[in-house]
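Trainee: just to be clear, the model below is a prediction. Sequence and coordinates:
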Amino acid sequence: MSYRNKTYVIFDGDEDMWAYRFMRGWKANENIEFNFFDAHDLKPLTDSAGEDTVKRRLRERLGSTKQAIVLVGEKTKNLHRFVRWELQTCMNLDIPIIAVNLNGQRSQDGDHCPPIIRDEYVVHIPFKLKIIQYALDNFPSEYHRCSQSDKGPRLYNNSVYTKLGL
């Protein structure tokens, strides 16, 4: 297996592409301290690729993934063909998942969170640059230290947000 240093971003490509583009913009802006190694930079897919081809390429990308972010928008919980498959694959590969609520909620959003991760050890945060970077820097090691019995949603307490100026 290749060295795992990438961040895999899962999102609704029809509705939430704006948030993914924001993240790439933050990363590209030299005046903003935000960085991640994007697994989507590997082997671009074409619009004409079939489902099997897409899943094979996504599985390849997950091979170099250290952590995954799922951008949780209004329709994310209803996306089964790829989003649910990507989340299940991350869980099967023991990849830490960071759920980023596009509506700004600091805890699990029961109305929008995909059911497959509702009872899993997943950190839930709002779509804010500083807390996303904090989670990218800290959650993977926390996740790998937790025991098999640790279940359920994880959130950061107010002191973390205060320390980050949020």
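Mentor: Everything's here; your move. What you see is a predicted model; the values in this text were computed from it and never measured. Numbering: from 1, shown residues only.
Trainee: middle-most residue in this structure, spatially?
Mentor: Geometric centre of the chain, nearest residue: Ile69, 0.6 Å, by C-alpha atoms, centre = their mean.
Trainee: and the pLDDT at that one?
Mentor: We have a pLDDT of 95 for Ile69.
Trainee: that one touches Ala19, doesn't it?
Mentor: No: proximity of Ile69 to Ala19 does not meet the contact threshold set by C-beta atoms under 8 Å, at 9.8 Å. Every C-beta, even on glycine, is put in place using the N, C-alpha and C of the backbone.
Trainee: and for the two, which residues touch both?
Mentor: Common neighbours of Ile69 and Ala19, counting by C-beta atoms under 8 Å, 6 or more residues apart in numbering, are Val100.
Trainee: for the residue nearest to the centre of the chain, list each beta-bridge partner.
Mentor: As for beta bridges, Ile69 partners with Val9, Ile98 under DSSP bridges.
Trainee: could you report the neighbour count for the closest residue to Ile116 other than its chain neighbours?
Mentor: In space, not counting the residues next to it along the chain, Ile116 is nearest to Leu87; the distance is 5.2 Å by C-beta to C-beta, 6 or more residues apart in numbering. The burial metric for Leu87, expressed as a neighbour count using other C-beta atoms under 10 Å, is 24.
Trainee: isn't Lys128 right up against Tyr156?
Mentor: No: with contact defined as C-beta under 8 Å, Lys128 and Tyr156 do not form a contacting pair (11.3 Å).
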